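Visitor: Have a look at this fold, sequence not included:
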């Protein structure tokens, strides 16, 4: 299990820009991300396999296009129980708080990409322990 992409954005409902590394802040999320704050959806996750599946269905998408913060390999996120904790890289620890989400309106991502898989396949977490994470870092259940 590993991190293959890290992405942030200053505005909600938009595609995120990929970065090589970023700092997760305890009880906040990424400092440069619109979803950060004192709530249960500080960081979002999506499997790289889900993004690849969307490509095979004909969508022209890449990492960050579904507004996910972290794309991974080797984790079937929708099947991870709420409350499960993961270490990201050397120090950061997150706890899964929500699986999927309800979208009341179709956002810019839906119109730009042709679909949004986050409501079905994305998960959300809060940051328990902060730390700098990098693309390529390992993920482990704690």
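Guide: Done, it's in. The structure displayed is predicted, hence computed values, not measured ones.

Visitor: what distance separates the start and the end of stretch 69-79?
Guide: Using CA to CA, to the nearest Å, the end-to-end distance of stretch 69-79 comes out at 19 Å.

Visitor: Could you do stretch 55-74 as well?
Guide: By CA to CA, one end of stretch 55-74 lies 18 Å from the other end.

Visitor: Quick one: neighbours of the residue lying closest to residue 141 once chain neighbours are set aside, just the number.
Guide: Closest residue to residue 141 apart from its sequence neighbours, by CB to CB, 6 or more residues apart in numbering: residue 86 at 5.9 Å. All C-beta atoms are positioned from the backbone trio N, CA, C, and that covers glycine. Neighbours of residue 86 under the rule other CB atoms under 10 Å: 20.

Visitor: hang on, isn't residue 86 packed against residue 137?
Guide: No - using CB atoms under 8 Å, residue 86 is not in contact with residue 137, being 11.1 Å away.

Visitor: Beta-bridge partners for the closest residue to residue 31 other than its chain neighbours, please?
Guide: What sits nearest to residue 31 in space, not counting adjacent residues and going by CB to CB, 6+ apart, is residue 25, at 5.8 Å. Beta-bridge partners recorded for residue 25 (DSSP bridges): residue 29.

Visitor: so who does residue 25 touch?
Guide: Residue 25 is in contact with 31, 36, 127, 130, counting by CB atoms under 8 Å, 6 or more residues apart in numbering.
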